[in-house]
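Trainee: Fold the stuff below for me.
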Amino acid sequence: MGLSQRRGRILGRLRRRKTREREQLVLVEGVRAVGEALAAEAAGRFAVTSPALDRVPEGASVRRALDEMGVEVDEVDDRTLASLADTEHPQGVLLVCAEPRAGDEAVRSGGHYLVLDAVQDPGNVGTLVRSAAAFALDAVVALDGSADVWSPKAVRASAGTAFRQPLLMRAAEDALALFGRAGIPLVVADASGDDVAEVTPPRGWALVVGNEGAGPRPSVREAAERLVRVPMPGPAESLNAGVAGAVLLYALTREKTRAAR
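Mentor: Residues are numbered from 1 along each chain as shown. This next block holds a predicted model:
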């Protein structure tokens, strides 16, 4: 079965944020990310596969999962799929699914959250979302100015874990009000902050990782209960935002991790 022109146009539109958000659809690519989306019971609209999927480890399990979930599958040749894919070396599977929508109820007293304050690189966004899942956070909140958390590149960088936790997109003032109502203090990553290893985190908190160049916006920094940093004794001036966020999350959740053992 080939791919209809209508579905081909949908795939093209999902690379543009404005049209993707309007249609509330997500393009997922690659065996691992598609497998994670299906395991999280994402609402698949349709998938496109090619023979390349059968040459990839776990490709057969992805085909089975698509069948078990009742997702309509269009089979095309490898060249056609490569022309539709967002990556240079696709793995023979694309999945279009509904964008999961999380509401304000995801933010509750005593919870642990990650806030992306105008993080602009989709790779960093995906890495941070993946880290939030790894450290069992309750939700991720992306503030205005951040890269699209559901863009194909961000979803790939998250290895599909974006489907494993609530993701909210909010204007900064709305997010600050939301955390204020829930009694969640902000812990903001900042080069002038305290060594995170010496900080005892409150019962609930929201870690804010700011823009790669400018850091947190003034209104968010001023609302912080605590500023924290990763100490760096070596010659590097700074860490990548995704790396710094992961280290900070590890430090803030270390007691929770020990208690769960």
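
Trainee: Below-threshold pLDDT in this protein: ranges please.
Mentor: Applying pLDDT under 70 to the chain flags the ranges 1, 256-261.

Trainee: where along the stretch 101-250 of the chain do the strands fall?
Mentor: Assigned by DSSP state E, counting those that start in this stretch, the stretch 101-250 of the chain shows strands spanning 112-117, 139-143, 167-170, 186-195, 205-210, 226-229.

Trainee: could you dump those to a markdown table with distance to residue 75 and mean neighbour count?
Mentor: Where you see a C-beta, it was placed from the backbone N, CA and C, and this is true even at glycine. A markdown table is the format used below for these (distance: least, CB to CB, whole Å; neighbours: other CB atoms under 10 Å):
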| stretch | distance to residue 75 | mean neighbour count |
| --- | --- | --- |
| strand 112-117 | 37 | 26 |
| strand 139-143 | 35 | 24 |
| strand 167-170 | 31 | 20 |
| strand 186-195 | 46 | 18 |
| strand 205-210 | 41 | 26 |
| strand 226-229 | 50 | 20 |
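
Trainee: For residue 238, find the nearest of these.
Mentor: strand 186-195 (7.4 Å; CB to CB).

Trainee: So for residue 94, which of the strands of the stretch 101-250 of the chain sits nearest?
Mentor: Using CB to CB, the nearest of the strands of the stretch 101-250 of the chain to residue 94 is strand 167-170, at 20.7 Å.

Trainee: Map the structural domains onto the sequence of the chain.
Mentor: The chain breaks down by automatic domain parsing into domains covering 5-98, 104-260.

Trainee: From the chain's centroid, how far away is the shortest one?
Mentor: Between the mean C-alpha location of domain 5-98 and the chain-wide mean there is a distance of 18 Å, by CA atoms, centre = their mean, to the nearest Å.

Trainee: now stretch 228-247
Mentor: 20 Å.

Trainee: What residues of that stretch count as buried?
Mentor: 228-230, 239, 241-242, 244-247 (16 or more other CB atoms under 10 Å).
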